[in-house]
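*Asks:* Following is a predicted model, sequence given first.
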Amino acid sequence: DTAVSQTPKYLVTQMGNDKSIKCEQNLGHDTMYWYKQDSKKFLKIMFSYNNKELIINETVPNRFSPKSPDKAHLNLHINSLELGDSAVYFCASSQDSTGGAFFGQGTRLTVV
Amino acid sequence: EDQVTQSPEALRLQEGESSSLNCSYTVSGLRGLFWYRQDPGKGPEFLFTLYSAGEEKEKERLKATLTKKESFLHITAPKPEDSATYLCAVEGSSNTGKLIFGQGTTLQVKP
């Protein structure tokens, strides 16, 4: 069974479109995250939720909006996509709001 | 500001040739230092957590150690399947729940 799963794995879309990435974890963890990995493989946190409550909100454009319907799901909606949004987006989860996280397989977003 | 620097950026080894990867960090109040392995096209895979200077953890051919300023990931007699990018991350007391990652070391082990 996949611990942290994201869909879709690949996403190619045009500038200006709105898209969503879904994430689910079956580990029973309380905290979920979105990380962005740029072309240089550098991973940076975007958001974290603990029991559906927003805990961390890094300096991310307002076009990015996370939504957590329950503690096992954390979705990422992106409005008005720009070329610079092209990256790999990783969902992750951890038992509490500290400690090492377990990552999903990533969603490669390409904006054309 | 919490910061992590990994070296070298890339490392090529022959199978069986042991070596070490370095992770230097600055953090206010270390809550944990984490090592991950990332294969191409996949998410980071959790390897170790270290919490205090002097602590060591081992898993197969990998051994992670921690001092107050850096961590080492020692790879003993590596095999080609150890080829991957190894990521180091820290969590500080002023950034609870936020992992600060280094840029990674890409390891290639040739048979």
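*Replies:* Nice, I can see it.

*Asks:* Output the below-cut-off pLDDT ranges for chain A.
*Replies:* A:1, A:97-99 (pLDDT under 70).

*Asks:* er, chain B I mean
*Replies:* For chain B, no range has pLDDT under 70.

*Asks:* go again using 80 as the cut-off
*Replies:* Residue ranges of chain B with pLDDT under 80: B:95-96.

*Asks:* Closest residue of it to chain A?
*Replies:* residue B:43 (3.6 Å; C-beta to the nearest C-beta). (Glycine included, C-beta is placed from N, CA and C.)

*Asks:* in stretch B:68-83, what's buried?
*Replies:* Neighbour-count burial for stretch B:68-83 flags B:70-73, B:75, B:78, B:82-83 (criterion: 16 or more other C-beta atoms under 10 Å in any protein chain shown).

*Asks:* ok, the residue of chain A found nearest chain B - contacts?
*Replies:* At 3.6 Å from chain B, residue A:103 is the closest residue in chain A, using C-beta to the nearest C-beta. With contacts defined as C-beta atoms under 8 Å, 6 or more residues apart in numbering or on different chains, the neighbours of residue A:103 are A:4, A:35, A:90-92, B:36, B:43-46.

*Asks:* what does residue B:21 give?
*Replies:* B:6-8, B:11, B:72-73, B:75, B:86, B:88, B:105, B:107.

*Asks:* Then residue A:5?
*Replies:* Residue A:5 touches A:23-25, A:104-105, counting by C-beta under 8 Å, 6+ apart.

*Asks:* and those as CSV, adding distance to residue A:55, secondary structure and neighbour count?
*Replies:* Below are the contacts of residue A:5 laid out as CSV (distance: C-beta to C-beta, whole Å; DSSP: H, G, I helix; E, B strand; the rest coil; neighbours: other C-beta atoms under 10 Å in any protein chain shown):
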residue, distance to residue A:55, secondary structure, neighbour count
A:23, 16, strand, 25
A:24, 19, strand, 19
A:25, 16, strand, 23
A:104, 19, coil, 28
A:105, 24, coil, 17
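
*Asks:* Is it possible to get JSON lines of those residues that adds distance to residue A:71?
*Replies:* Formatted as JSON lines, the contacts of residue A:5 follow (distance: C-beta to C-beta, whole Å):
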{"residue": "A:23", "distance to residue A:71": "12"}
{"residue": "A:24", "distance to residue A:71": "11"}
{"residue": "A:25", "distance to residue A:71": "9"}
{"residue": "A:104", "distance to residue A:71": "16"}
{"residue": "A:105", "distance to residue A:71": "21"}
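
*Asks:* helix or strand for residue B:88, which one?
*Replies:* strand B:84-92 (DSSP states H and E).

*Asks:* Next: residue B:13.
*Replies:* Since the elements are taken from DSSP H and E, residue B:13 ends up inside strand B:10-14.

*Asks:* buried ones in the helix or strand following that strand?
*Replies:* Remark: after strand B:10-14, the chain's next helix or strand is strand B:19-26, criterion DSSP H and E. Across strand B:19-26, burial judged by 16+ other C-beta under 10 Å covers B:21, B:23, B:25.
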